[in-house]
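*Asks:* Next input, structure requested:
(one chain, ligands or ions: 1)
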Amino acid sequence: MTGQTLVRACTLDDADMEFLARLRGEVFPYRVQSVASQRNVFRTVPERAGFLVLLAERDGVRLGMARAMLDYGTSEPGAAQITVSVLPEQRGRGVGTALLAAAEAHLRAVGGTRARGWCPDTPRSLTWAQRHGYEPGRVMRYSMVDPRTVPPTPPVPAGVRLVAAAEAGPRVVYEIDAATTLDEPGDTVIDMMPYDEWLAMHWHNPDHHPELGTVAYVADVPAAVVLVDADPASGRYHSAYTGVLREFRGRGLAKLAKTDSLHRAAAAGYTAAYTSNDGVNAPMLAVNAWLGYQPTAVERSCRKTL
Ligand SMILES: CC(C)(COP(=O)(O)OP(=O)(O)OC[C@H]1O[C@@H](n2cnc3c(N)ncnc32)[C@H](O)[C@@H]1OP(=O)(O)O)[C@@H](O)C(=O)NCCC(=O)NCCS
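*Replies:* Numbers count the residues shown, from 1 in each chain. Reported below is the predicted structural model:
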């Protein structure tokens, strides 16, 4: 019917996928995610997540999206994620409210009891979220550096060896990721990430560039990892993850591995490196400040009991 907002499931058709990428580029310009990687998410999110993407459209014009799923990486029951984004020129007309209602109904149906989403830290976005019952919580800091400007690699201690993540291979990288992600500050603990799911979602993500990532070995023990998603066409690099095994922290390994990775990115022609860190992740924020990252945006985690 003319003039009415229709909410429907998103398909894998090119037009829907390209709309998602365009919307994401407008709302979150500091993130890196290609159309191909978007498709990979649809194909690889495990069944237990109850993954659903909804699109809102009026008169055949796409206006916004909502994404809802259970937190499949945690053993905490009922934890769920929700995202609602509307094109800037389409806001203030009830599109977001319609999408949010449909996404929350879906989450309740698949067993979600606590929803969490990331919201730009702007009065407009936060007021909107609060009006719909969401409580602002954690702070996520986004920042950027030109890889060509990062300091020289600090002296590599005796017994430490830096290799590309591609050379170390997925199993080694997975083991460090799975062990260290337990300590990453966040609303939920990531304690359920089987290797086959990680391989499909992260290692084989079309945006993942293992030749730009770094693994640091200490006396032949794989101790630290930097993972990188990137878009060679636009010269954008995104730190997908940095982790150091507990027993090797505080020795400069995160700084060393990330510097090494950024130098490789600079040599490969990348000109903008993005990262995001929880506001209480003091060691990672300290490493990034040393590398010269400058703040670009802040998001807040917003939570609601469904
Ligand atoms: C974050 C993490 C990767 C850091 O690894 P690390 O090897 O200890 O880091 P480094 O030793 O290279 O550097 C830590 C820096 O933080 C500083 N630091 C540590 N604690 C700090 C604090 N509470 N406040 C301020 N600075 C702090 C250190 O002084 C050091 O800086 P310096 O070298 O200039 O002195 C590691 O703690 C980790 O794996 N955490 C769990 C996973 C995680 O949160 N990853 C980041 C996701 S964004």
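
*Asks:* give me every residue that touches residue 10.
*Replies:* Contacts for residue 10 were tallied using CB atoms under 8 Å, 6 or more residues apart in numbering; they are 16, 20, 53, 54, 55, 65. From N, CA and C alone the C-beta is placed, and that goes for glycine too.

*Asks:* near the ligand, which residues of the protein?
*Replies:* 180, 183-184, 242-244, 249-255, 277, 281-284, 286-287, 290 (CB under 6 Å from any ligand atom).

*Asks:* Just the strands from the chain, written as ranges.
*Replies:* With DSSP state E, the ranges of strands along the chain come out as 6-9, 52-58, 61-70, 79-86, 114-120, 135-145, 160-164, 214-218, 221-231, 236-244, 272-278, 294-305.

*Asks:* So in terms of bridging, what pairs with the nearest residue to residue 175 once chain neighbours are set aside?
*Replies:* Distances taken as CB to CB, 6 or more residues apart in numbering place residue 222 nearest to residue 175, at 6.9 Å, with adjacent residues excluded. Going by DSSP bridges, residue 222 is paired in beta bridges with residue 217.

*Asks:* How many residues are close by residue 222?
*Replies:* When neighbours are defined as other CB atoms under 10 Å, residue 222 has 20 of them.

*Asks:* Over to residue 246?
*Replies:* When neighbours are counted by other CB under 10 Å, residue 246 comes out with 12.

*Asks:* Likewise for residue 87?
*Replies:* Burial of residue 87 is recorded as 18 neighbouring residues (other CB under 10 Å).

*Asks:* Can you give me the pLDDT of the closest residue to residue 90 other than its chain neighbours?
*Replies:* Using CB to CB, 6+ apart and skipping the chain neighbours, the partner closest in space to residue 90 is residue 63 (4.4 Å). Residue 63 carries a pLDDT score of 97 in this model.

*Asks:* Neighbours of residue 63, how many?
*Replies:* Residue 63 is surrounded by 24 other residues when neighbours are defined as other CB under 10 Å.

*Asks:* Does it touch residue 88 like I think?
*Replies:* No. The pair residue 63 / residue 88 is not scored as a contact, 10.8 Å apart, by CB atoms under 8 Å.

*Asks:* ok, residue 218 - contacts?
*Replies:* If a contact means CB under 8 Å, 6+ apart, then residue 218 has 159, 160, 248, 253 as its contacts.

*Asks:* Tell me how far the residue nearest to the second one when sequence neighbours are not counted lies from the ligand.
*Replies:* In this case it means residue 160. Nearest non-adjacent residue to residue 160, counting by CB to CB, 6+ apart: residue 218, 5.5 Å away. Between residue 218 and the ligand the computed distance is 11 Å (CB to the nearest ligand atom, to the nearest Å).

*Asks:* coming back round to it: out of the contacts of residue 10, who's the most crowded?
*Replies:* In terms of neighbour count, residue 65 stands highest of those at 25 neighbours, by other CB under 10 Å.

*Asks:* For that one, give the beta-bridge partners.
*Replies:* Beta bridges link residue 65 to residue 55, residue 85, judged by DSSP bridges.

*Asks:* Wait, it touches residue 90, no?
*Replies:* No. Contact criterion CB under 8 Å: residue 65 and residue 90 do not qualify, at 11.3 Å.

*Asks:* need the contacts of residue 10 in TSV with distance to residue 205, can you?
*Replies:* Conversion of those to TSV gives the following (distance: CB to CB, whole Å):
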residue	distance to residue 205
16	19
20	15
53	17
54	23
55	22
65	20
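
*Asks:* Nearest to residue 232 among those?
*Replies:* Each of the contacts of residue 10 was scored against residue 232 by CB to CB, and residue 20 proved nearest at 20.7 Å.

*Asks:* dump the residue contacts of the residue nearest to residue 175.
*Replies:* Residues near residue 222 by CB under 8 Å, 6+ apart: 168, 172, 173, 175, 176, 215, 216.
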